[in-house]
Each structure stands twice: as C-alpha cells, then as structure tokens.
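>>> Sequence and predicted structure below; questions after.
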Amino acid sequence: MQTLDEQTEAHPEEVNLESIGNMGWLRAVGIFLGFILLWRASGILEYAPHASIWFPPAGWSLAAFLVFGVRALFPIAAAILITTMWSNAMYGVQMGLLELLIYWLIFVFCHCLPYGLGAALLRQFVRFGVVRQLPAMIMAFLALGVLTSLLASFLGTQVVLLSSAVNIMDVYTIWLARWIGDMTGVMVLTPIFMALMLWKQPVIGSLLRTLRLGAEPSPLYHFGLKVTILISCAYFCILANWWFEHRDVAFAVFFLIIPQMWIAYTENPLRAAASLGLFSFSLAIGISVFDLGESAIIYQFAITVIASSVYFGVAVPVLLAQNQQLQYQAQTDYLTGLSNRRHFMESAEEETLRARQYGYPLTLAMMNIEHFTRINDTYGYEIGDRVLLAVSQSVAEQLRPADLFARFGGDEFFVLMAGVSRLSAHRILDRARESMRYIVVEGVDEPIAARFVIVQLEPEQSIDEAIQIASREMLNAPRSGLNGKD
C-alpha cells in the first residue's frame with residue numbers, strides 16, 4: 001500500500017481534498033487550542049454583545065472540516081464546551097450541569113452543521129470534478145462561505161436566545177452584524193488557516209501545482225513595503241473616521257481595494273492571502289481601539305468585498321497562464337517546439353495576403369530527413385525522435401527570427417521566408433544543410449542529412465498551391481541536395 005508521500009510523487013494531479021485528511025493527536029490538540037484562542041481574540045474585538053468585528057473561529061472551523069473532514073468535529077466540539085462555559089461566566093449566565101451539556105450539544109450542532117456541510121459539499125465538488133480549476137473553486141468557496149456563515153449566524157443567535165443571554169429584540173439587532181462577522185472570518189481567514197493546517201505536508205506542494213499557485217514570490221522586503229503601505233492607508237481611514245466623527249467617512253475604506261489588488265497582482269497567492277489577513281486584523285484592532293462600533297458594519301462589508309475581489313484577482317493570472325498554455329499547445333509541435341501544421345497554415349495565409357499587398361517576395365521551403373524511416377526501423381522511435389529534435393534545432397539556428405518554421409508530421413518540415421527571394425533562400429538553406437554535418441545523435445552511427453525543395457510564390461499563388469508544388473518536386477529532389485544542387 002502506498003503512503004501519502006508516494007501517492008503524491010507518483011500521481012500529483014490526482015491529489016485532492018479527499019486525500020489530505022490525516023489527523024494525528026497533535027493536530028487535534030492544535031485544532032482544539034486554536035479554536036479557543038481565536039474565540040477569545042474575537043471576544044476582545046466585540047463592538048456589541050455577541051457581535052465581533054470578525055469571527056476567526058468560523059474560518060478555523062471551515063478550514064478544519066475542509067482539511068480533515070468529519071475528524072475535525074471532535075476537537076472543535078471539545079473547544080466549544082470550553083468556550084461555552086467561558087462565555088456563560090463572562091455574561092453571568094447560570095446553568096446546571098445537564099442544562100450546560102444540552103446547551104453545548106445544541107451549539108455544537110448549530111456551529112458544526114453549517115461549516116461541516118459547506119466543507120463536505122466543496123470536497124465533493126472537487127472529488128467529482130464539478131470544480132476543477134481555481135476560478136471555479138473560488139466561486140464555489142465564496143458562495144458556500146456566504147451561505148454557511150448565514151446559516152451559522154442564524155442558528156447561533158437562536159442558541160444565544162435560548163441561553164437567555166439576550167432578549168428576543170436584541171437577537172434581531174445583532175444577527176446581521178454576527179453574520180457579517182462570521183462571513184468575514186470565513187472569507188479572509190479560511191485559506192490562511194488551511195495553509196497552516198497543511199504546513200509541511202507533502203500534499204500541499206501537489207495541491208499548489210494542481211491549482212497553479214506556485215508563482216515565485218518577490219523579495220520579502222518588497223512584500224513588507226506593500227503591506228506597510230496598505231496598513232498605513234487603513235489606519236488613515238480609521239483616524240479620519242474617528243477625527244470627523246461621521247459614519248459616512250468610513251466608506252473611504254473601500255478605496256483600499258486598490259493597494260490590496262496591487263499586492264494580489266504582484267505577489268503569489270499565499271502572500272496575497274496573508275496580506276488580506278494582516279489588513280483585516282489591522283482594521284479590526286483599529287476599530288476596537290478607536291471605538292468605532294457605529295461604523296463597524298461598514299468596515300465588515302468592506303473587508304468581505306475586498307476579500308472577494310482579491311480571490312478573483314488571484315484567479316486572473318492563473319486564467320491568463322492557462323490560456324497562454326492552451327494557445328501554446330494549440331500552435332506548437334509537442335516534440336520539436338516548432339509551429340504545428342495548423343498554426344503554420346493560419347500564419348502563412350496572413351503572410352501571403354501581406355506579401356501580395358506590399359509586393360515583397362515570399363519563399364516556401366520543404367525539408368525531409370534522409371532515410372528517416374530506416375532510422376526509425378533500425379534504431380527505434382526514441383532515437384528517431386532525437387534525430388527530429390536535433391535536426392529541427394540545427395536548422396532553426398540558421399534561420400532568421402522572422403522565418404516561420406513548422407513540422408507537419410513525421411520528418412516533413414516547412415519554412416516560410418518573407419521578403420526573401422529564391423536565390424537568397426538557397427544561400428540560407430545551404431548553411432542549414434551544411435550545419436547538419438555536425439549533428440551527433442547518441443546511438444546513431446551514420447550521418448544525418450536532409451533534402452530541401454524551394455518554391456517562390458507567385459503574386460496570385462496560394463500557400464496550398466505552393467505546398468502541393470513543393471511536395472511534387474520533393475519526389476524528384478536529389479538526395480542530400482537542394483533543388484538540383486548537390
């Protein structure tokens with residue numbers, strides 16, 4: 001049976017969220033302690049009873065369920081027991097042991113059901129290929145983040161009501177702030193917490209490659225400077241809000257999407273997520289220190305909007321890279337790296353129209369490798385591929401950068417030279433033919449040579465007609481020669 005390390009090395013493209021759920025006792029303790037510490041941190045940042053500027057335990061729980069699946073339930077449930085007793089002590093709620101246990105089980109259900117269900121859905125989406133690429137995964141994550149936090153906040157307020165910690169009128173005034181706080185914790189912190197939980201696990205490298213998140217980061221001091229600018233702008237907004245004592249001033253925080261997107265476009269995705277976490281934490285501290293509770297919901301909405309924009313901003317370079325790769329694959333011969341037949345024909349047709357319009361010469365050359373079928377039969381296809389690669393590289397070195405060089409298939413190559421007469425093409429390809437004398441392919445004990453045919457296109461001649469002429473002439477071309485030149 002293969003270990004996780006062996007599976008990752010052997011089949012990196014098959015690694016998904018179903019294969020990363022190994023939890024030892026040490027990680028379980030980490031989940032337990034992390035939840036309690038984050039819950040206490042959110043309590044410090046409360047701006048209204050049971051309503052925090054953000055609620056990190058929401059992001060922690062969703063990350064734990066995403067990484068470890070149902071195994072995360074037990075440490076989270078244990079942590080909720082501790083926080084339940086702590087919360088009752090903070091708000092002066094008196095409960096008997098049985099009542100406490102019932103209240104604890106209800107809260108475990110109300111907290112773990114939304115985040116566990118959301119994580120399970122996302123895991124299944126990935127498992128069954130509903131979402132494969134990063135943009136689709138981001139969209140699914142954001143949608144589930146909104147819905148799971150909404151359900152968790154609604155159920156949580158009902159539990160708070162049952163505990164008599166607040167009256168029914170207060171519930172309907174805090175549920176929106178509670179939802180936005182939960183949603184902020186989910187959207188901003190879940191990716192960071194997942195990275196922490198997967199730290200030093202071999203699967204994370206494969207996961208990053210699968211999602212194309214392995215971009216090289218800039219120097220650390222560049223990143224630090226950008227984050228410093230971002231946080232300075234955030235505190236400028238907070239100070240302005242505090243100084244002018246007007247709630248509408250807080251809307252200036254939405255402009256911070258500009259420096260945050262600057263980071264998202266110029267740093268790798270993990271650093272973009274880290275900068276988002278630092279930015280959000282700085283805002284939360286500033287709101288608490290300057291007592292801006294009346295404007296808190298504006299800052300919460302700003303954080304969620306900026307977070308969503310950053311995630312889509314991270315997806316844009318990935319989409320561009322994927323499109324470039326698809327374009328390269330569609331236009332390039334997989335073995336030699338030259339243009340393939342389709343790209344050659346499309347480009348040649350455009351070049352033919354330009355040559356006809358501006359009146360410059362256009363010359364087509366066809367090349368076949370001598371005795372290539374015998375080389376394949378004698379030495380094998382692997383050696384034949386090496387010969388193709390060596391010949392294509394040797395000829396390409398003699399051509400101009402503007403020349404269009406393509407492999408049509410087998411040992412059949414074409415070159416289109418714009419602004420070059422037949423005589424000039426002869427001289428260029430003579431050099432290419434001579435360069436083959438120095439080709440050495442390991443395992444081949446005979447010289448490598450090729451035949452060339454040159455056709456200069458007439459003004460009204462199409463590229464298809466020129467190729468047909470070159471193919472007919474190739475049948476009568478001399479061996480190791482160039483249209484009658486030995």
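Perfect, I can see it now.
>>> for the chain, what's the longest helix?
When the chain is parsed with DSSP state H, its longest helix is helix 296-331.
>>> Next, the buried residues of that one.
296-304, 306-308, 310-315, 317-318, 331 (16 or more other Cβ atoms under 10 Å). All C-beta atoms are positioned from the backbone trio N, CA, C, and that covers glycine.
>>> Off-centre distance for it?
Mean C-alpha position of helix 296-331 versus that of the full chain (Cα atoms, centre = their mean, to the nearest Å) differs by 8 Å.
>>> Tell me which other helices or strands that helix touches.
Judged by 3 or more Cβ pairs under 8 Å, 6 or more residues apart in numbering; DSSP states H and E, the packing partners of helix 296-331 are helix 134-162, helix 168-197, helix 257-266, helix 269-289, helix 341-358.
>>> got CSV for those, with mean pLDDT and mean neighbour count too?
Listed next are those as CSV, based on pLDDT from 0 to 100; neighbours: other Cβ atoms under 10 Å:
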stretch, mean pLDDT, mean neighbour count
helix 134-162, 85, 19
helix 168-197, 82, 22
helix 257-266, 90, 18
helix 269-289, 88, 21
helix 341-358, 93, 15
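>>> now these as a markdown table including distance to residue 375?
Below are those laid out as a markdown table (distance: least, Cβ to Cβ, whole Å):
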| stretch | distance to residue 375 |
| --- | --- |
| helix 134-162 | 44 |
| helix 168-197 | 51 |
| helix 257-266 | 49 |
| helix 269-289 | 47 |
| helix 341-358 | 22 |
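>>> Of all these, which one comes closest to residue 46?
helix 269-289 (8.2 Å; Cβ to Cβ).
>>> Let me know whether residue 218 touches residue 263 as I believe.
No - using Cβ atoms under 8 Å, residue 218 is not in contact with residue 263, being 10.0 Å away.
>>> Low-confidence stretches in this structure?
Filtered on pLDDT under 70, the chain yields the residue ranges 1-23, 47-51, 163-173, 200-217, 477-486.
>>> Domain map for it?
For the chain, the structural domains run 1-211, 215-331, 341-476, going by automatic domain parsing.
>>> Just the terminal-to-terminal distance for the last one.
Distance between the boundary residues of domain 341-476 (Cα to Cα, to the nearest Å) amounts to 23 Å.
>>> what distance separates that domain from the centre of its chain?
39 Å.
>>> helices or strands next to the host helix or strand of residue 112 in the packing?
Using DSSP states H and E, residue 112 maps to helix 97-127. In terms of contacts (3+ Cβ pairs under 8 Å, 6+ apart), helix 97-127 is packed against helix 56-68, helix 73-91, helix 134-162.
>>> contacting residues for residue 315?
Going by Cβ atoms under 8 Å, 6 or more residues apart in numbering, residue 315 touches 134, 135, 138.
>>> circling back to that earlier point, out of the helices and strands packed on helix 97-127, nearest to residue 414?
Comparing the helices and strands packed on helix 97-127 by Cβ to Cβ, helix 134-162 comes nearest, at 37.9 Å.
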